[in-house]
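Q: Here is my input, please return the structure:
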Amino acid sequence: MNRLSRYLFTECAIALSSALLILTILIMLPRTLNLVDLWVNKGVSIGVLGQMILLLIPQFVVSALPMAALTGILLALGRLSQDSEMVVMKASGVSLYQMLRPIALLASICALAALLLETVWVPNSFHNFHKLRGALISSITLNLKPQTFSHVVDGLTMYINGHDQKTHTLSGLLIYDQRQEDKPITLVASSGKLHYLEDGSAALFLTDGSRHEQMKNGNYRQLKFATYDLKLGVSLGLGDDGRKRGIEEMTMSGLDGIIASPNKDKAHKALLEWHRRWAFPVATLLLGILALPLGVQQSHRSGRSYGLVAAILTLILHFFLLSLGESIASKGLISPILGYGIPTFLMTSLTMYILINTARGRQFKLAIMLVHFMASMPLKLLRPGSAIGKKR
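A: Residues are numbered from 1 along each chain as shown. Sure, this is the predicted structure:
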């Protein structure tokens, strides 16, 4: 790698790393705020909360990598254009394909990192996060506050009148279970106690109560019971045998096993997940390469605004195509390979088309006009003569 390639690689890598850090923080912020509720209202220690956040970081990073690859490289090339360094490179006879080598190398490293995250780290960290969350929910259930409505599990609201700390027995229970949206039920019991089934999942053993359900036909059903076992759907133990892995938590070999199974519904979901894990690394590679021709076309006048708006438009287009393909494939209208393959093929074709035409010195005037229009819209709206300016 010559000096120019090293320079381009370093500049783009620094900008990409900064963009990845900022985007990861922005993506993880809403989820982190939800977890902080466990610390504030449930008494979970800050150490356990930090462990849960660390387990989610690989998932946040892999989601931010495609956006960071495009945005970071565009910003780096935008700075070079703004400082006239790009003009000097072109005047010195440096071709687009010479610039492509360090950019493609950086995009390939990001794509490999995304592939490693998607296939190894994210499934394992996601699985460990759910086990830790299940253990916390189970322990929180043992410490329900009397005469307070508590959302112990998603879709499960519980009220208790009293709690014996010695025997861990709950008294005066009112439970509203809407985990099945089409069949919500209400449970009333005089007492209850948490216990664990053979598979390690937690359940609430209720005694002397009634079960109330509103039927679809408008009828009302009431069932009195002496004992009732309500499964909470969480596990206390952190061992692998305490909880079965979901589709998102499985390794690639685990997905291959489900794909080969006779259960068509599970096989279809596993096949969707298998192709989705390849889609993000490929998107990272394509968006990183696409950033080069978009960045080269930036003029000194447009500067970084061109890069930001071009990045937003490209990301919207790419993830719209991926979401559309995934939605159609999940409904069984097309196979998963077509659902993810068609958007990838379209973006690959667009990337190659823009790259080749940029190397030949052709400019995309319509795209540049659109970018200039979108970049100048905020300034136009805030002028004194505009509608917004008059209100101000």
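
Q: List the buried residues for stretch 82-93?
A: 82, 86, 89 (16 or more other CB atoms under 10 Å). Just so you know, the C-beta spots here come from the backbone N, C-alpha and C atoms, and that holds for glycine as well.

Q: Between the two ends of that stretch, what distance do you get?
A: End-to-end distance for stretch 82-93: 19 Å, by CA to CA, to the nearest Å.

Q: part of a helix, is Ser191?
A: No: in this structure, Ser191 is strand, not part of a helix, as judged by DSSP: H, G, I helix; E, B strand; the rest coil.

Q: residue ranges of the strands in the stretch 1-150 of the chain, please?
A: 149-153 (DSSP state E, counting those that start in this stretch).

Q: which residues of it score low on pLDDT?
A: Flagging of the stretch 1-150 of the chain using pLDDT under 70 yields the residue ranges 1, 37-45, 133-144.

Q: Let me see the ranges of the helices in it.
A: Secondary structure of the stretch 1-150 of the chain by DSSP state H, counting those that start in this stretch: the helices cover 3-41, 46-82, 85-91, 96-116, 122-141.

Q: Distance to Trp278 for those - can I get that in JSON lines?
A: Formatted as JSON lines, the helices of the stretch 1-150 of the chain follow (distance: least, CB to CB, whole Å):
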{"stretch": "helix 3-41", "distance to Trp278": "20"}
{"stretch": "helix 46-82", "distance to Trp278": "12"}
{"stretch": "helix 85-91", "distance to Trp278": "34"}
{"stretch": "helix 96-116", "distance to Trp278": "8"}
{"stretch": "helix 122-141", "distance to Trp278": "13"}
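
Q: ranking the ones you listed by burial, who's on top?
A: Ranked by mean neighbour count under mean count of other CB atoms under 10 Å, these are led by helix 46-82, which reaches a mean of 21.

Q: nearest to Gly257, of the helices of the stretch 1-150 of the chain?
A: helix 122-141 (13.7 Å; CB to CB).

Q: Mind giving me the packing neighbours of whichever strand in the chain runs longest?
A: In the chain, taking DSSP state E as the definition, the longest strand is strand 220-235. Under the contact definition 3 or more CB pairs under 8 Å, 6 or more residues apart in numbering; DSSP states H and E, strand 220-235 sits against helix 122-141, strand 149-153, strand 185-196, strand 201-214.

Q: which other helices and strands contact the helix or strand just after the second one?
A: Per DSSP states H and E, the first helix or strand lying C-terminal to strand 149-153 is strand 156-159. Packed against strand 156-159 by the contact rule (3+ CB pairs under 8 Å, 6+ apart) you find strand 149-153, strand 169-177.

Q: Redo those strands as JSON lines? Include mean neighbour count and distance to Ile27.
A: As requested, the helices and strands packed on strand 156-159 are arranged in JSON lines below (neighbours: other CB atoms under 10 Å; distance: least, CB to CB, whole Å):
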{"stretch": "strand 149-153", "mean neighbour count": "16", "distance to Ile27": "24"}
{"stretch": "strand 169-177", "mean neighbour count": "18", "distance to Ile27": "32"}
